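Colleague: A structural model of the following input is requested.
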Amino acid sequence: MQSHKSKLRTLIVDDEPLARVGLNHLVKNIAHIEIIAEAANGFEALELIDRLKPDLLFLDIQMPGINGFEVLQQISHLPLVIFTTAYDQYALKAFETLAIDYLLKPICYERLMRAIEKVDSLDRRLSNLGPILNPAAHPDLPTASYLRRFVSKQGTKWHIIDEDKVLLFYAEEKHSFLRTEKANYIVNDTLQNLEGKIDPDKFLRVHRSALVALKHVKKIKSVGSGRLELILSDDSTQDVSRSYSQEVRRILLGKVGAEDT
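Modeller: Next up is the predicted model:
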């Protein structure tokens, strides 16, 4: 390996302490790989990826809480990814989510080096391509799945919210949120990225700062000047901007009740 090669800032994510120790021991002998942190579960991984923005991720697939695939779906900064797993049935899905490689446990040094060579052969700019797991961008991949669960941290507690509980996603003061009938949760992603990750048959953009869940729209109401207002299942309202009104009418009229003022 060439000595002038810039270091790859690397994060190890695995819920097994011995697995983290073993991988760290193997990787520390590779001059241009710098381990900057370790995460013991998917929640820690989300925080560390957001804060440290690593270049490379060694990511365990099967972990409690949220698995490796779900971690990648939640993040806006996407590192180069090498999956690690004890279950080879995950291998195909690993490649279909555009991971660079996968390593079966126990990991041997020779196989690790082949994975690192793949990383080295790629242009580092790949890590800046954004939401590479956007299913709409990869319609030919059968296991590229829409995001069905959303992770949010409130104080010191992590929450996992199923998509059927979401009334809408909205942006406010440079942050994104999702709302259920019970609470609001911060989402660590932009609405633009989210729109590509969620099921378009279930969610609809109605405003530059709002995406609504179709199943939670009770009524559509005209409020003049070509604008609409949606009444949601919790009786809250959501404005539809003029630029989205025609598409919202097309999709919703006939499916929900309508009121004219």
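Colleague: so which bits of stretch 44-58 are buried?
Modeller: Buried residues in stretch 44-58, counted by 16 or more other C-beta atoms under 10 Å: 44-46, 48-49, 53-58. The way it works is simple: take the backbone N, C-alpha and C, and place the C-beta from them, glycine included.
Colleague: so how far is the first residue of it from its last?
Modeller: 14 Å (C-alpha to C-alpha, to the nearest Å).
Colleague: same check on stretch 11-19?
Modeller: 13 Å.
Colleague: of the buried residues of stretch 44-58, which belong to helices?
Modeller: In helices, defined here by DSSP state H, the members of the buried residues of stretch 44-58 are 44-46, 48-49.
Colleague: chain neighbours aside, what residue packs nearest to Trp197?
Modeller: Not Trp; residue 197 is Lys. Leu147 (4.4 Å; C-beta to C-beta, 6 or more residues apart in numbering).
Colleague: assess the claim that that neighbour and Glu195 are in contact.
Modeller: No. Between Leu147 and Glu195 there is no contact under C-beta atoms under 8 Å: 10.7 Å.
Colleague: hang on, the earlier thing: farthest pair in the buried residues of stretch 44-58?
Modeller: Within these, two members stand farthest from each other by C-beta to C-beta: Glu44 and Asp55, at 18.3 Å.
Colleague: where along the stretch 151-261 of the chain do the strands fall?
Modeller: All strands of the stretch 151-261 of the chain, identified by DSSP state E, counting those that start in this stretch, fall at 157-162, 168-172, 175-179, 184-187, 203-207, 210-213, 217-224, 227-232, 237-240, 257-260.
Colleague: dump these into JSON lines; add mean neighbour count and distance to Asn24 as well.
Modeller: Shown next, in JSON lines, are the strands of the stretch 151-261 of the chain (neighbours: other C-beta atoms under 10 Å; distance: least, C-beta to C-beta, whole Å):
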{"stretch": "strand 157-162", "mean neighbour count": "13", "distance to Asn24": "25"}
{"stretch": "strand 168-172", "mean neighbour count": "19", "distance to Asn24": "37"}
{"stretch": "strand 175-179", "mean neighbour count": "19", "distance to Asn24": "34"}
{"stretch": "strand 184-187", "mean neighbour count": "18", "distance to Asn24": "32"}
{"stretch": "strand 203-207", "mean neighbour count": "22", "distance to Asn24": "40"}
{"stretch": "strand 210-213", "mean neighbour count": "23", "distance to Asn24": "40"}
{"stretch": "strand 217-224", "mean neighbour count": "16", "distance to Asn24": "50"}
{"stretch": "strand 227-232", "mean neighbour count": "19", "distance to Asn24": "48"}
{"stretch": "strand 237-240", "mean neighbour count": "18", "distance to Asn24": "48"}
{"stretch": "strand 257-260", "mean neighbour count": "11", "distance to Asn24": "59"}
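Colleague: who's the nearest residue in space to Leu252 that is not next to it in sequence bridged to?
Modeller: The spatially closest residue to Leu252, leaving aside those adjacent along the chain, is Ile220, at 5.1 Å (C-beta to C-beta, 6+ apart). Counting by DSSP bridges, Ile220 forms beta bridges with Leu230, Ala258.
Colleague: need the strands of the stretch 151-261 of the chain in CSV with distance to Tyr87 and mean pLDDT, can you?
Modeller: As requested, the strands of the stretch 151-261 of the chain are arranged in CSV below (distance: least, C-beta to C-beta, whole Å; pLDDT from 0 to 100):
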stretch, distance to Tyr87, mean pLDDT
strand 157-162, 22, 95
strand 168-172, 33, 96
strand 175-179, 31, 96
strand 184-187, 30, 95
strand 203-207, 32, 96
strand 210-213, 33, 98
strand 217-224, 40, 90
strand 227-232, 41, 93
strand 237-240, 43, 96
strand 257-260, 48, 59
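Colleague: distance to Ala31 added to these, as CSV?
Modeller: Below are the strands of the stretch 151-261 of the chain laid out as CSV (distance: least, C-beta to C-beta, whole Å):
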stretch, distance to Ala31
strand 157-162, 36
strand 168-172, 43
strand 175-179, 39
strand 184-187, 38
strand 203-207, 46
strand 210-213, 45
strand 217-224, 56
strand 227-232, 56
strand 237-240, 54
strand 257-260, 66
